[in-house]
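In: coords please:
(chains A, B, C and D)
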There are 2 protein chains.
Amino acid sequence: MSISLGKDRPREAGRGIPGATVARLPVYHRVLVALSEAGVQTVSSEALAAKCGVSSAKFRKDLSYLGSYGTRGVGYDVSYLTFHISRELGSSQPWGVVIVGVGNLGRALISYRGFTSRGFAIVGLIDKHPDVVGEGLAVSELETSVALKVSPLADLEQIVVGTKAQIGVIATPADCAQGVCDRLVASGIRSILNFAPVVLEVPDGVEVRKVDLAVELQILAFHEQRRGYEQEAMNA
Amino acid sequence: MSISLGKDRPREAGRGIPGATVARLPVYHRVLVALSEAGVQTVSSEALAAKCGVSSAKFRKDLSYLGSYGTRGVGYDVSYLTFHISRELGSSQPWGVVIVGVGNLGRALISYRGFTSRGFAIVGLIDKHPDVVGEGLAVSELETSVALKVSPLADLEQIVVGTKAQIGVIATPADCAQGVCDRLVASGIRSILNFAPVVLEVPDGVEVRKVDLAVELQILAFHEQRRGYEQEAMNA
DNA sequence: TTATGTGAAGTCGTTCACAGCC
DNA sequence: GGCTGTGAACGACTTCACATAA
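Out: Down below sits the predicted model:
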């Protein structure tokens, strides 16, 4: 819809990068950072792709959507490539994340190290239960860690607006999820990560990604079952 | 590496359900169960697909891989369809799940209701840390709930074999994940759900699904960033 | 008439294979 | 010689549109 020219911004970012490629970029980025920390300076598509669990052709094709950041006959400069993928992903600027639901899952997210290193900052914690509200939880921030207090559900809008958060994480039980979602959207949030096992309804322009733990297990079970049948067939 | 069957790739004609379809079946199943609990007996592909967040054409195409369980001009019988999807997913038989790593994430999985209703039973909890080992945690089971004790990492093989678990969940920090994975595989596990932010290496015949919380956020951030540029362009 | 089930067409994503550059 | 970058071929998934059955 919009044609954006001029200015220095990530190459032909946005337009034309397939969703499947976008979903792999974070993995490439993580592996590159690990290589860099191990002192590796140059890497071939073959070696890097192997560490990422993809084919080298797929890796090179993915990179071709961002630009040409390699050197033929040599490979890729680790830090140079890291920088460009990082920029494409937008992890150069810090994204504010609000977590709604401070149960075990919420706490797992809060204690998850590496959010900050990947450009995220947890700026708000919200819960419904009075015995959790007011609790101070350690949230990592750049070098140090800060105690963030859990706010009541009633303050949701105020927290989102006040912290200028861009991403909302729903870690509540299923029956609260749609209500929380509606309020996040009304407060201006357009990116939501949903852990509740419900299909959320949102207006156009809002993106929802979902992670359903039981669904993942069910997919595994499907294949497990099929392997069982194959083995039976072999024994017959 | 790979156990070669007599024939080549194209396994069993007629039984080739696309991966994308398999990934949606659990959602259809969940929505159908909810409808059933709400007392709905019959539903059209249009209505059901809307509740699942997919198009009706996609829904019908997905079902066509399983068989024809609808009635033209009428729709689908909720319980009849539920049964067939359930059967396809293998949730009629209970799958044994071992969880390695009893931190916040592990606890979130343990307290996740609805595992049992979808055909999973948590049969083992394993952790490395002495202060967690021995702790009794409430695990739901059919009607009641049972206290399951956390076992030490050293007992992993014994637990997997003793409980006949089929699925292993890795909820450990990244640096332990590959080691745990190797031991799960060596104990006979062929289906693994990995929450650690590493690419696991496994032999052929073992399926790994991964859930990386930071990756999901990074994908959201990519699109968030893109929207920002679009808005800038509009203001220019 | 209504709503399913499905070939056919279209879109998206992956793999191949090799030209181009170091 | 070695490795990247990429059109072209291939395959997977989605959407369309309608024949089919209640």
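In: which residue ranges of chain A form helices?
Out: In chain A, the helices defined using DSSP state H lie at A:19-37, A:45-52, A:56-64, A:78-89, A:104-111, A:156-163, A:174-186, A:213-235.
In: angles on the backbone of whichever residue of chain A sits closest to DNA strand C, please.
Out: The minimum distance from chain A to DNA strand C, using Cβ to the nearest atom of the strand, falls at residue A:73 (2.6 Å). Backbone N, C-alpha and C define where each C-beta goes, glycine included. Here is the backbone geometry of residue A:73 (degrees, to the nearest 10): phi 80, psi -10.
In: what residue ranges in chain A score low on pLDDT?
Out: A:1-15, A:142, A:230, A:236 (pLDDT under 70).
In: one more time with 50
Out: Within chain A, the segments meeting pLDDT under 50 span A:1-14.
In: domains of it: list them as residue ranges, please.
Out: As given by automatic domain parsing, the domain ranges for chain A are A:19-89, A:95-214.
In: want to throw those into JSON lines with mean neighbour count and distance to chain B?
Out: What follows is the domains of chain A, written out as JSON lines (neighbours: other Cβ atoms under 10 Å in any protein chain shown; distance: least, Cβ to the nearest Cβ, whole Å):
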{"stretch": "domain A:19-89", "mean neighbour count": "17", "distance to chain B": "4"}
{"stretch": "domain A:95-214", "mean neighbour count": "18", "distance to chain B": "4"}
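In: those into CSV, with extra columns for distance to residue B:78?
Out: Output for the domains of chain A, formatted as CSV (distance: least, Cβ to Cβ, whole Å):
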stretch, distance to residue B:78
domain A:19-89, 33
domain A:95-214, 17
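In: residue B:30: which of those domains is closest?
Out: Taking Cβ to Cβ, domain A:95-214 is the member of those nearest to residue B:30, at 6.3 Å.
In: end-to-end on that closest one?
Out: 28 Å (Cα to Cα, to the nearest Å).
In: any residue of it touching DNA strand D?
Out: No: Domain A:95-214 does not reach DNA strand D (Cβ under 7 Å from any atom of the strand); its nearest approach is 14.7 Å.
In: what's the answer for stretch A:219-230, then?
Out: No: judged by Cβ under 7 Å from any atom of the strand, stretch A:219-230 stays clear of DNA strand D, getting no closer than 12.2 Å.
In: list the buried residues in that stretch.
Out: By neighbour count with 16 or more other Cβ atoms under 10 Å in any protein chain shown, stretch A:219-230 contains the buried residues A:219, A:220, A:221, A:222, A:223, A:224, A:225, A:226.
In: look up how far residue B:26 lies from the spatially closest residue to residue A:176 that is not a sequence neighbour.
Out: Nearest residue to residue A:176, sequence neighbours excluded (Cβ to Cβ, 6 or more residues apart in numbering or on different chains): residue A:128, at 6.9 Å. Using Cβ to Cβ, to the nearest Å, we find residue A:128 at a distance of 27 Å from residue B:26.
In: likewise for residue A:235?
Out: Residue A:235 is 29 Å from residue B:26, by Cβ to Cβ.
In: ditto for residue A:124
Out: Note on residue A:124: its distance to residue B:26, by Cβ to Cβ, is 31 Å.
In: try residue A:28
Out: Distance of residue A:28 to residue B:26, computed by Cβ to Cβ: 29 Å.
In: show me what contacts residue A:86?
Out: Residue A:86 makes contacts with A:29, A:92, A:119, as judged by Cβ atoms under 8 Å, 6 or more residues apart in numbering or on different chains.
In: and the last one, what does it touch?
Out: By that I understand residue A:119. Contacts for residue A:119 (Cβ under 8 Å, 6+ apart) come out as A:86, A:89, A:90, A:91, A:92, A:93, A:94, A:95, B:218, B:221.
In: setting the sequence-adjacent residues aside, check what's closest to it.
Out: Here the residue nearest residue A:119, using Cβ to Cβ, 6+ apart, is residue A:91, at 3.2 Å.
In: I'd assumed residue A:45 was in contact with residue A:75.
Out: Yes: judged on Cβ atoms under 8 Å, residue A:75 makes contact with residue A:45 at a distance of 7.1 Å.
In: which non-adjacent residue is nearest residue A:29?
Out: Closest to residue A:29 by Cβ to Cβ, 6+ apart is residue A:85, at 4.8 Å.
In: from memory the one you found sits against residue A:25, does it?
Out: Yes: proximity of residue A:85 to residue A:25 meets the contact threshold set by Cβ under 8 Å, at 5.6 Å.
In: and the residue of chain A closest to DNA strand C, how far from DNA strand D?
Out: Noted for residue A:73: a distance of 3 Å to DNA strand D, by Cβ to the nearest atom of the strand, to the nearest Å.
In: repeat for residue A:203
Out: 19 Å.
In: return the residues in contact with the closest residue to that residue other than its chain neighbours.
Out: Sequence neighbours aside, residue A:185 is the residue nearest to residue A:203 in space, at 6.7 Å (criterion: Cβ to Cβ, 6+ apart). Residues touching residue A:185, when contacts are defined by Cβ under 8 Å, 6+ apart, comprise A:192, A:202, A:203, A:206.
In: tell me the phi and psi of the third one?
Out: Meaning residue A:203. phi -70, psi 160.
In: ditto for the last one
Out: Residue A:206 adopts backbone torsions of phi -110, psi 130, taken as degrees, to the nearest 10.
In: contacting residues for the residue lying closest to it once chain neighbours are set aside?
Out: Nearest residue to residue A:206, sequence neighbours excluded (Cβ to Cβ, 6+ apart): residue A:190, at 5.0 Å. Applying Cβ under 8 Å, 6+ apart to residue A:190 gives the contacts A:166, A:205, A:206, A:207, B:224, B:227.
In: rerun that using 10 Å as the cut-off
Out: Each residue near residue A:190 by Cβ atoms under 10 Å, 6 or more residues apart in numbering or on different chains is listed here: A:166-168, A:184, A:202-203, A:205-208, B:220, B:223-224, B:227.
In: cool, residue A:194 as well?
Out: So residue A:194 contacts A:168-172, A:177-178, A:180-181, A:200, A:202, A:208-212, B:216 (Cβ under 10 Å, 6+ apart).
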